[in-house]
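**Student:** The sequence and its predicted three-dimensional model are supplied below.
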Protein chains: 2
Amino acid sequence: MGRRRQGLSKGDRRERAILATARRLLADRPMSRIAIDELAAGAGISRPSFYFYFDSKVGVLTALLDEIAGQMAADTGDWLAGSGADDESLRRSLRTSARLWREHGPLLRQALVEEDPDPALRAFRERILDGFVVKAAERIQRDRDAGFAPPGPSPEALARALVQMKFTVLSSASADDVVDTLVTIMQRAIYGTCG
Amino acid sequence: MGRRRQGLSKGDRRERAILATARRLLADRPMSRIAIDELAAGAGISRPSFYFYFDSKVGVLTALLDEIAGQMAADTGDWLAGSGADDESLRRSLRTSARLWREHGPLLRQALVEEDPDPALRAFRERILDGFVVKAAERIQRDRDAGFAPPGPSPEALARALVQMKFTVLSSASADDVVDTLVTIMQRAIYGTCG
DNA sequence: ACTGCGAATCAACACTACGTCGAGTATCAC
DNA sequence: GTGATACTCGACGTAGTGTTGATTCGCAGT
């Protein structure tokens, strides 16, 4: 609706204040239990003023998510680009992912594991998920071609299941011991031969 | 609040009508987007009357979930009770689970993968999840002791990750080809030796 | 056949949250 | 100083939840 021009400050401070408030409140409850009044109050403005800066709560959410989407990609880029059953690079990648989930749990959970009715959040989820799935499937295909990995389900289906598992598991617990579990499952699922 | 006595009919018909309406509406949208007025109207009563039968929407949800919780347990009981890397029993179990998810998608999704703020739903989720995890962990331990499965992460952690994966994957797609993917991943994660 | 009591019903109310409108005030450009 | 544009908010409309209190229904007991 009332979108702001190219303004560089004053309103910008308010926008940041809203985001900061959201980050703070999201630390201990999901967005569904945060009222817009709280975000506005936290930024020192009234609720109608909030709508000057964002279209809705989801706008705030996606702004926050965009901030960390890049970091997520960077965390896994290393492993996605490599090849062969080298589990150290996978473990390192998962460890940094776990750190990210520990820090931004409620935010990532809402965006990546919950089935939110909001189309903008669904779109974000699909975008992120598909990004990982496509890259992971490529890597699996590469490793199969090179003889590192045995044949099995279609690389896309396998990758999708593993990425979804990673999100769900990290969402419910991101302590370091789950990383070991994830590493083992992924390695065996991709490189292990079936018993 | 206003709970009904031991009544056997008339009100019972209404209670069933509410549940039937809920089942019908849940077929194409989640409970969060169904108003109590709709459930009441579908049963031919007014909203206040709805509260005579259920405490809230969640009450309806848990009533519906209880109906199918038993079926879920039966679906997997076969595999959970067995032992050894017999993948036919696992495949059969997953296929019937997939059918259940296809039929009750929105319901199971809301209860088992979404992180609902409602404590009653969380409790249901934990109860079901833990039930499966405990039994699956026992089976894994059994198979390791018998030499069918190699050592690896703690049976509980492994089982939890796999059960969560199963829920998430079946939630997002329950066609029969994902069953193959799940079978492969589970077999390799439990019985496959790492590459 | 009535009477009494619990089952069942709902209009009306109170509350919370969302989003909008329109009339304002601040701020800076010239 | 005088626009224009950034920003602000009181007041409003809407949609949903849950409660209250009066009322009617159904039937078991005498």
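**Tutor:** Good, I have the coordinates. Residues are numbered from 1 along each chain as shown, chains lettered A, B, ... in the order given.
**Student:** Can you list the neighbours in contact with stretch A:24-38?
**Tutor:** For stretch A:24-38, the surrounding residues in contact (CB atoms under 8 Å, 6 or more residues apart in numbering or on different chains) are A:21-22, A:39, A:42, A:47, A:50, A:56-57, A:60-61, A:64, A:106-107, A:109-110, B:115, B:117. Yep, even glycine has a C-beta here, placed from its N, CA and C like the rest.
**Student:** restrict these to contacts with DNA strand C.
**Tutor:** A:47, A:56-57 (CB under 7 Å from any atom of the strand).
**Student:** Run through the helices of chain A in chain order.
**Tutor:** With DSSP state H as the criterion, chain A has helices at A:11-26, A:36-42, A:47-53, A:57-81, A:87-112, A:119-145, A:155-172, A:176-191.
**Student:** Return the distance of residue A:57 relative to residue A:40.
**Tutor:** Counting by CB to CB, to the nearest Å, the separation of residue A:57 from residue A:40 is 11 Å.
**Student:** Using the record's domain definitions, break chain A down for me.
**Tutor:** For chain A, automatic domain parsing gives the domain ranges A:11-53, A:66-191.
**Student:** Against residue B:150, how distant is residue A:154?
**Tutor:** The value you get for residue A:154 to residue B:150, if CB to CB is used, is 26 Å.
**Student:** what about chain A, any weak spots by pLDDT?
**Tutor:** For chain A, the stretches with pLDDT under 70 are A:1-9, A:11, A:193-195.
**Student:** Which of the domains of chain A has the highest mean neighbour count?
**Tutor:** Stretch with highest mean neighbour count among the domains of chain A: domain A:66-191 (a mean of 18; mean count of other CB atoms under 10 Å in any protein chain shown).
**Student:** Between the two ends of that one, how far is it?
**Tutor:** 33 Å (CA to CA, to the nearest Å).
**Student:** Is that domain positioned near DNA strand D?
**Tutor:** No: judged by CB under 7 Å from any atom of the strand, domain A:66-191 and DNA strand D are separated, with a smallest distance of 12.2 Å.
**Student:** now check that domain, is it near chain B?
**Tutor:** Yes: Domain A:66-191 lies within reach of chain B by CB under 8 Å from any CB of the partner chain, at A:85, A:87, A:109-110, A:113-115, A:117, A:148-149, A:152-154, A:157-158, A:160-162, A:164-165, A:167-169, A:171-172, A:177-178, A:180-182, A:184-185, A:187-191.
**Student:** Dump the C-alpha coordinates for stretch A:39-56 into CSV.
**Tutor:** The C-alpha trace of stretch A:39-56 is given here as CSV (Å, rounded to 0.1, in the frame of the first residue of the first chain):
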residue,chain,number,x,y,z
LEU,A,39,6.1,-4.7,16.8
ALA,A,40,4.8,-1.1,16.4
ALA,A,41,5.1,-0.3,20.1
GLY,A,42,8.6,-1.8,20.2
ALA,A,43,9.6,0.6,17.4
GLY,A,44,7.9,3.6,19.2
ILE,A,45,5.1,4.0,16.6
SER,A,46,1.4,3.3,16.4
ARG,A,47,-0.1,0.4,14.6
PRO,A,48,-1.3,2.3,11.5
SER,A,49,2.3,3.6,11.2
PHE,A,50,3.5,0.1,11.1
TYR,A,51,1.6,-0.3,7.8
PHE,A,52,3.6,2.5,6.4
TYR,A,53,6.7,0.4,6.5
PHE,A,54,5.4,-3.2,6.0
ASP,A,55,2.3,-4.7,4.3
SER,A,56,1.9,-7.2,7.1
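**Student:** Would it count as contacting chain B?
**Tutor:** No: figure legend: stretch A:39-56 not in contact with chain B (CB under 8 Å from any CB); closest approach 15.7 Å.
**Student:** sorry, back to before: can you add distance to residue B:127 and give the domains of chain A back as CSV?
**Tutor:** Putting the domains of chain A into CSV (distance: least, CB to CB, whole Å) gives the following:
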stretch, distance to residue B:127
domain A:11-53, 21
domain A:66-191, 15
